[in-house]
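J.: The following block contains a protein sequence and its predicted model.
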Amino acid sequence: MVTVMRNNAADRDAPVRAHATRELILTAAERLFAEHGILAVSNRQVSEAAGQGNNTAVGYHFGTKTDLVRAIARKHSAAIEERRQWRLTEIGESADLRDWLDCLVRPLAEHLAALGSPTWYARFAEQAMADPTLRPIVVEESLSSPSLARIVEGLQQRLPDLPPEAAAERSDMTRTLLVHLTAERERALAEKTTTPRSDWNDAATGLIDALIGLWQAPVTASPNERKKRR
């Protein structure tokens with residue numbers, strides 16, 4: 001009877017233990033990927049860093065390294081999405097371009113600030129975006145975000161005279177700045193070197209200031225377009 005009760009208790013605790021193990025693996029993988037590069041880190045190294053005696057723990061809980069990268073991206077994107085949705089509700093149909101860029105930038109900065117110190121997510125995202133085989137995973141997670149789709153729509157509505165090709169180009173520039181500047185700040189904080197801004201909130205403000213200038217910059221017509229106008 002005692003043995004049966006112990007077995008039942010163990011069965012009930014199994015999902016809790018599995019969840020705890022998955023979280024340890026996610027944290028260890030994110031740190032190692034951020035510090036050493038995704039391709040340079042093996043599943044075995046991740047398992048060891050997560051304190052798992054079984055070196056196949058990553059494969060058991062997540063599958064391939066690609067699946068592990070997706071799980072890390074999804075874990076953070078869900079928290080950031082919640083913050084963006086809240087800000088979108090707050091601004092409603094604001095006519096101010098800054099409000100829409102604020103919805104884009106500040107939730108990520110707030111998320112990184114809330115994680116405490118040190119953090120690894122920004123550098124992990126930078127590594128994933130630089131890898132041609134992993135980049136589609138991060139992009140896919142972003143494109144599935146309802147809040148991002150609404151922000152892009154809001155930006156276009158605030159700048160109706162901006163040609164579609166220029167809007168697409170500036171969207172790419174915005175994503176590049178967001179990924180690399182947050183990663184650079186995170187790296188500087190980890191290395192305890194000087195940063196231009198005092199905290200994540202202030203860093204978000206600086207980036208938003210720059211993006212306002214980027215999105216409102218004049219568009220120079222191409223030579224072919226100038227010829228057509230003559």
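T.: Good, I have the coordinates.
J.: Show me the domain layout of the chain.
T.: If you go by automatic domain parsing, the domain ranges for the chain are 1-63, 72-218.
J.: In a markdown table, list those along with mean pLDDT.
T.: A markdown table is the format used below for the domains of the chain (pLDDT from 0 to 100):
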| stretch | mean pLDDT |
| --- | --- |
| domain 1-63 | 82 |
| domain 72-218 | 94 |
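J.: Reformat those domains as TSV; add mean neighbour count.
T.: Any C-beta I mention is one placed from the backbone N, CA and C, and that applies to glycine too. What follows is these, written out as TSV (neighbours: other C-beta atoms under 10 Å):
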stretch	mean neighbour count
domain 1-63	15
domain 72-218	16
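J.: ok, now how distant is residue 51 from residue 147?
T.: 36 Å (C-beta to C-beta, to the nearest Å).
J.: show me where the chain has helices.
T.: 2-36, 43-49, 57-61, 65-91, 97-114, 121-130, 135-143, 146-158, 164-191, 200-216, 223-229 (DSSP state H).
J.: Let me know the angle separating the fifth one from helix 200-216.
T.: Following axes from the mean of the first three to the mean of the last three C-alpha atoms, to 10 degrees, one obtains 150 degrees for the angle between helix 97-114 and helix 200-216.
J.: Can you dump the C-alpha atoms of helix 97-114 in PDB for me?
T.: Presented in PDB, the C-alpha positions along helix 97-114 are these (Å, rounded to 0.1, in the frame of the first residue of the first chain):
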ATOM      1  CA  LEU A  97       4.100  58.500 -34.500                       C
ATOM      2  CA  ARG A  98       6.000  58.200 -31.300                       C
ATOM      3  CA  ASP A  99       3.200  56.300 -29.600                       C
ATOM      4  CA  TRP A 100       3.400  53.600 -32.300                       C
ATOM      5  CA  LEU A 101       7.200  53.300 -32.100                       C
ATOM      6  CA  ASP A 102       6.900  53.200 -28.300                       C
ATOM      7  CA  CYS A 103       4.600  50.200 -28.700                       C
ATOM      8  CA  LEU A 104       7.300  48.600 -30.800                       C
ATOM      9  CA  VAL A 105      10.400  49.300 -28.800                       C
ATOM     10  CA  ARG A 106       9.500  49.800 -25.100                       C
ATOM     11  CA  PRO A 107       7.900  46.300 -24.400                       C
ATOM     12  CA  LEU A 108      11.200  44.600 -25.300                       C
ATOM     13  CA  ALA A 109      13.200  47.000 -23.100                       C
ATOM     14  CA  GLU A 110      10.700  46.500 -20.300                       C
ATOM     15  CA  HIS A 111      11.000  42.700 -20.700                       C
ATOM     16  CA  LEU A 112      14.800  42.800 -20.500                       C
ATOM     17  CA  ALA A 113      14.600  45.100 -17.500                       C
ATOM     18  CA  ALA A 114      12.200  42.700 -15.800                       C
END
